[in-house]
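[1] Here you go, sequence then predicted model.
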Amino acid sequence: MKRARLIFDDIGSYPVPEGITKEWIKDAFTALETPSYKSKLSEIIQDAMWQKLNAGVEVPNYPQFQNMLTQFSEPIMDGKRTEAPLLIKEEEARISELTILEELAEEYMEQKGEKLKLRICVTGPIELYYKLFMPPVYIDVLSNIATSIGRFVKHAVEEAKHYEVVCASIDEPSMGLDPRIEEEGIITALELASEYAFRKGIDTQIHLHSPIFYETVCQVEGIKVIGVESASNPSLLALIDKGELDHSDKFLRIGVARTDILSMAAEYDELHHTNAFKDKGVLEAVVNEYNSPEKVTKRLEKAYSFFGERIKYAGPDCGLGPFPSQELAFMVLKNTSAGIKAFCSNPRVSE
């Protein structure tokens, strides 16, 4: 099968630096205009982005340190920031991290002579609806949430100065896992959330933890790339039919590095009789055991034997926020980069 141009991206979340708590991060975003908070938070976000770039991520997501639900649910439930129930005003649909990254993007452009290519992620309307409300689904409410999410994407694209949004991901981790979620409203909501980015020619991803609803997603015109967490659970690939992707002209984002750090550590401890979270150096060994460049390459080779040119993006399964340190997260990204490069430089064509 033909090998298409692979793009290395990441999902978004990243560990906070040593000495910084999630509570401090929340306070800093709440009081963002306070000089002391703003200065330190800007330093943290920009440093994390440089780490992603230095690790070799081609299209990095803005470092997501906030809670993926409240980052979007709180603004759309704030009556002062909405024009109708759960419909945020366009000027209020801001992703604060992107404003902070403008300074870095300007520096990047001066160094590289081109704009920083950026991935953004927004929490999907299905995820938000089922976290905020109980079934049944009221389409008018869901539609307002979905339109609000689309406005966050629009604001990110239109306000960009020194960076370029080339990929927008709608994160729907509960689809296929939460038994309450049914098909009703999914297509409508995803169309509304992805419409602006799709019309602008931006790659629109959906990030799933289960591909059970992938055939439904294939009916959404605005979604072009379906993300599958296939490093930790390769059997998920067997649920996807390449013929369906060909028919609907959809592509895949393949997970090629595991991000389930607790499971990896437990497996390693059992095999090697260690304690990954107490014994010095064991976590580094865990990362290199389960996410070595060679294993990343092999995962890609196996996925390509099934899907070939239908794979467009590859990277870690999920966000790296749960990792206990930025050093370990950086190691995952660097190993992933090396594995993808080794795969892409191999002239052999998969059969």
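    Good, I have the coordinates. Numbers count the residues shown, from 1 in each chain.

[2] use CA for all of it now, contacts and neighbours both
    Noted.

[3] Okay, buried residues for the one helix or strand residue 244 maps to please.
    When elements are defined using DSSP states H and E, residue 244 is found to belong to helix 242-248. Residues 242, 245, 248 are the ones in helix 242-248 that count as buried (16 or more other CA atoms under 10 Å).

[4] Show me which of those residues is closest to residue 143.
    The shortest approach to residue 143 among the buried residues of helix 242-248 belongs to residue 248, at 23.8 Å (CA to CA).

[5] ok now do that closest one, which residues does it touch?
    Listed by CA atoms under 8 Å, 6 or more residues apart in numbering, the contact set of residue 248 reads 218-219.

[6] distance of it from residue 55?
    Residue 248 sits 34 Å away from residue 55, taking CA to CA, to the nearest Å as the criterion.

[7] Residue 30: neighbour count?
    Residue 30 is surrounded by 11 other residues when neighbours are defined as other CA atoms under 10 Å.

[8] brain fart, residue 146
    Every residue meeting other CA under 10 Å relative to residue 146 is counted, giving 27.

[9] got the buried residues for the one helix or strand residue 45 maps to?
    Take DSSP H and E as the rule and residue 45 turns out to sit in helix 35-55. Using 16+ other CA under 10 Å as the burial criterion, the residues of helix 35-55 that qualify are 37-38, 41-42, 44-53, 55.

[10] What residues of the next helix-or-strand element following it count as buried?
    On the C-terminal side of helix 35-55, the nearest following helix or strand under DSSP H and E is helix 70-76. Judged by neighbour count using 16+ other CA under 10 Å, the buried positions of helix 70-76 are 71-73, 75-76.

[11] which element follows helix 70-76 toward the C-terminus?
    Moving toward the C-terminus from helix 70-76, the next helix or strand (DSSP H and E) is strand 82-84.

[12] Now do the helix holding residue 244, average pLDDT.
    Model confidence over helix 242-248, given as mean pLDDT, is 98.

[13] tell me the secondary structure for the nearest residue to residue 340 once chain neighbours are set aside?
    By the measure of CA to CA, 6 or more residues apart in numbering, the closest residue to residue 340 outside its immediate chain neighbours is residue 297, 6.0 Å from it. Reducing the assignment to helix, strand or coil with DSSP: H, G, I helix; E, B strand; the rest coil, the entry for residue 297 is helix.

[14] Relative to residue 269, how far out is residue 280?
    If you go by CA to CA, the gap between residue 280 and residue 269 works out to 13 Å.

[15] Now do the phi/psi pair for residue 257.
    Dihedral pair for residue 257: phi -130, psi 130, per degrees, to the nearest 10.

[16] my guess is it meets residue 231, correct?
    Yes: in this structure residue 257 lies within contact range of residue 231 using CA atoms under 8 Å: 5.4 Å.

[17] With neighbour numbers in mind, choose between those two.
    It is residue 257, of residue 257 and residue 231, that has more neighbours when counted by other CA under 10 Å, with 30 against 27.

[18] which residues does the more buried one form a beta bridge with?
    Residues found in beta-bridge contact with residue 257 (criterion: DSSP bridges) are residue 316.

[19] how near is it to residue 234?
    As judged by CA to CA, residue 257 and residue 234 stand 11 Å apart.

[20] again, but for residue 182
    Applying CA to CA to residue 182 and residue 234 gives a distance of 25 Å.

[21] just residue 79 next, same as before
    44 Å.

[22] Please apply the same query to residue 109.
    The value you get for residue 109 to residue 234, if CA to CA is used, is 38 Å.

[23] before we move on, what about residue 279?
    30 Å.

[24] Same question for residue 39.
    Distance from residue 39 to residue 234, counting by CA to CA: 42 Å.

[25] ok, now residue 306?
    The gap separating residue 306 from residue 234 is 12 Å, by CA to CA.

[26] next one: residue 15
    Distance, residue 15 to residue 234, by CA to CA: 25 Å.

[27] Likewise for residue 244?
    Summarising the geometry, the distance separating residue 244 from residue 234, computed by CA to CA, is 19 Å.

[28] What of residue 185?
    According to CA to CA, residue 185 stands 29 Å off from residue 234.

[29] Residue 176 now?
    From residue 176 across to residue 234, the span is 16 Å (CA to CA).

[30] Go through the one helix or strand residue 329 maps to and flag the buried ones.
    Element membership of residue 329, judged by DSSP H and E, is helix 326-345. When burial is assessed from 16+ other CA under 10 Å, helix 326-345 yields the following buried residues: 326, 328-341, 343-344.
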